[in-house]
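Participant: here is my input, please return the structure:
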Amino acid sequence: MTPLENAAESLAQSAKDWTSGLMPETLPEEVNNPLWLTDRTFVLLAVIIGSLSIATLVAFLMGRREPPATEAAVLKRFQHKLRVWWIMTAILVIGFLLHFIGTVLLFGLVSFWALREFITMTPTRRADHRTLFWVFFIFLPLQYLLVLFGSSPPRWLFGERKIDFYGLYSIFIPVYASLFIPARIALSGDSKRFLERSAIIQAGLLICVYSLSYAPALLDLELRRTDGSPWVGSNLSLLLFMVLIAQMASVLEKIWSRLAGRRLLAERINASRTWEGLFGSMVTTGLIATTLYWATPFLPWEAGVMGAMVTVMAIAGSLTMSAIKRDRNVNDTGTLVQGHAGMLDQIDNVCFAAPVFYHLTRFFYT
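Facilitator: Numbering: from 1, shown residues only. A predicted model of the protein is given here:
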C-alpha cells in the first residue's frame, strides 16, 4: 500500500471515529437503516413532483378556456387539491431533509393539527379541558417519542440495554390512554353524556395520533425480502410509496365513481362513493403500485396486493370521516387552504392505511 493510500485510509478512519464519538448511536436511522436518501428515493420524489407538475399544467390550460359551470366547479376544486398536494409535498421534503428526527417531529405536528380539528368539530364540555390537556400535551408527544426511540434508543439514555419500544408504542394509546381518559373525565365530576365524551376523545386520539404514528414508524424497520435476503434500500422510499398510494387511491376512486359508478357504498353517508369506484381504484392503484415496486422490498405482485390493500383502507378512512362530518353537520373538518378542506380531510386515508400497511410489512418483511 502506497503512503498516499495509507494516509487516505487513516483520514477515513479518523473521520469515522470522530463522527461515531460525536453521535454515539443517538439517531435510530443510523443503526437500523444507514441509507436515508438513495437514488431510488430521488427517482420516486421526481415521479411525484413530475406528476404534480403535469397535472398543474393541464389544470392551467383547462382553466384558460370557458368551461361549463359544472366543469368549472370541478376544475376549481381540482386546482385547490393540487395546491394542497404541493404544500404537502414541500412539507414532506423539508421533514425528510431533517432526517429521522425531523420526519417524526413533522408527523407529530400533523397529528396535533388533525386532532385539534377533530376535537373542534365534536362536542366536549368544560369538564373535559384537563383531559384534553393530557391528550394533547402528554399522550401525543409520548407516542411519537416512543416511535422515535424505536428499536435502537440512544445509549446515553438507556445505556447498553437493548430495548424495542414497538412493544410499548403499539399499546400505549389503545390500552393506557383509553383507560386513563374515562377515569380522568370521571374525576371532573361531570357525568352528562359521559360515554359519548369519552368515546369522542378516544376516537380522535386513536385516528389522528395512534394510527398516523405508524407512518414514521416504517423508518425504523429492518426490512428483508420474502426470500430472506436483506433489502438494500431506503425506508424513506417505502414511506413515500405508502403515502402516494393512499392519496392516489382516493383520487382514482372518485374518477371511477364518476365514470362507471352505479351502486353507492353508503348512500346516507356519501352520495358519490360507489362499489365500482372502489373496485376500479383497487385495480388501478394496484397496477400503479406494481410499477413502483422498485422503491420497496416487495416483488411486483406483492406491491400490487399492498396497493389494493392500501386502497381499501384509504376509502374506509374517507368514508368514516364522511360519516363523522355528516353526524356533526359540517362539510369540512377545517381550512387547510382557503376554499379547501382541513388537514384531517387530507390525511384520513393515510390514518387508516398506515397501521395496516406497517403491520403487514413488519410481519412479512422483517
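
Participant: tell me the domain boundaries of the protein?
Facilitator: 43-97, 102-220, 223-366 (automatic domain parsing).

Participant: where does the prediction get shaky in the chain?
Facilitator: 1-35, 63, 65-74, 332-341 (pLDDT under 70).

Participant: picking up where we left off before, dump the domains of the chain into JSON lines; add mean neighbour count as well.
Facilitator: Every C-beta, even on glycine, is put in place using the N, C-alpha and C of the backbone. As requested, those are exported to JSON lines (neighbours: other C-beta atoms under 10 Å):
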{"stretch": "domain 43-97", "mean neighbour count": "14"}
{"stretch": "domain 102-220", "mean neighbour count": "18"}
{"stretch": "domain 223-366", "mean neighbour count": "19"}
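
Participant: and residue 36, which of those domains is closest to it?
Facilitator: When the domains of the chain are compared by C-beta to C-beta, domain 223-366 sits nearest residue 36, at 6.0 Å.

Participant: end to end, how far does that closest one reach?
Facilitator: 5 Å (C-alpha to C-alpha, to the nearest Å).

Participant: kindly report the same for stretch 270-281.
Facilitator: End-to-end span of stretch 270-281 (C-alpha to C-alpha): 17 Å.

Participant: off-centre distance for it?
Facilitator: In terms of C-alpha atoms, centre = their mean, to the nearest Å, the centre of stretch 270-281 is set 22 Å apart from its chain centre.

Participant: then stretch 235-251?
Facilitator: Distance, centroid of stretch 235-251 to centroid of chain: 8 Å (C-alpha atoms, centre = their mean).

Participant: can I get it as PDB, trimmed to CA atoms?
Facilitator: Included here for stretch 235-251 are C-alpha records, laid out as PDB according to Å, rounded to 0.1, in the frame of the first residue of the first chain:
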ATOM      1  CA  ASN A 235     -37.200   3.000   4.300                       C
ATOM      2  CA  LEU A 236     -38.000   6.600   3.300                       C
ATOM      3  CA  SER A 237     -39.000   5.400  -0.200                       C
ATOM      4  CA  LEU A 238     -41.300   2.900   1.400                       C
ATOM      5  CA  LEU A 239     -43.000   5.700   3.400                       C
ATOM      6  CA  LEU A 240     -43.300   7.800   0.300                       C
ATOM      7  CA  PHE A 241     -44.800   4.700  -1.500                       C
ATOM      8  CA  MET A 242     -47.500   4.300   1.200                       C
ATOM      9  CA  VAL A 243     -48.500   8.000   1.300                       C
ATOM     10  CA  LEU A 244     -48.500   8.200  -2.500                       C
ATOM     11  CA  ILE A 245     -50.700   5.100  -3.000                       C
ATOM     12  CA  ALA A 246     -53.100   6.200  -0.300                       C
ATOM     13  CA  GLN A 247     -53.600   9.600  -1.900                       C
ATOM     14  CA  MET A 248     -53.800   8.100  -5.400                       C
ATOM     15  CA  ALA A 249     -56.500   5.600  -4.200                       C
ATOM     16  CA  SER A 250     -58.800   8.400  -3.100                       C
ATOM     17  CA  VAL A 251     -58.500  10.300  -6.400                       C
END
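
Participant: circling back: dump the domains of the chain into JSON lines; add distance to residue 37 as well.
Facilitator: Formatted as JSON lines, those follow (distance: least, C-beta to C-beta, whole Å):
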{"stretch": "domain 43-97", "distance to residue 37": "7"}
{"stretch": "domain 102-220", "distance to residue 37": "12"}
{"stretch": "domain 223-366", "distance to residue 37": "6"}
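
Participant: tell me who's in contact with residue 197.
Facilitator: 123-125, 128, 185 (C-beta atoms under 8 Å, 6 or more residues apart in numbering).

Participant: let's go with 10 Å and repeat that
Facilitator: Residue 197 makes contacts with 122-125, 127-128, 131, 181-182, 185, 188, 190-191, as judged by C-beta atoms under 10 Å, 6 or more residues apart in numbering.

Participant: next structured bit after the host helix or strand of it?
Facilitator: Assigned by DSSP states H and E, residue 197 falls within helix 194-205. Under the assignment DSSP H and E, the closest C-terminal helix or strand after helix 194-205 is helix 214-217.

Participant: now residue 249: how far from residue 255?
Facilitator: 11 Å (C-beta to C-beta, to the nearest Å).

Participant: between those two, which contacts overlap?
Facilitator: Joint contacts of residue 249 and residue 255 (C-beta under 10 Å, 6+ apart) are 281, 284.

Participant: tell me the first helix or strand C-terminal of the strand or helix carrying residue 87.
Facilitator: Using DSSP H and E, the element containing residue 87 is helix 69-97. Later in the chain than helix 69-97, the nearest helix or strand by DSSP H and E is helix 99-120.
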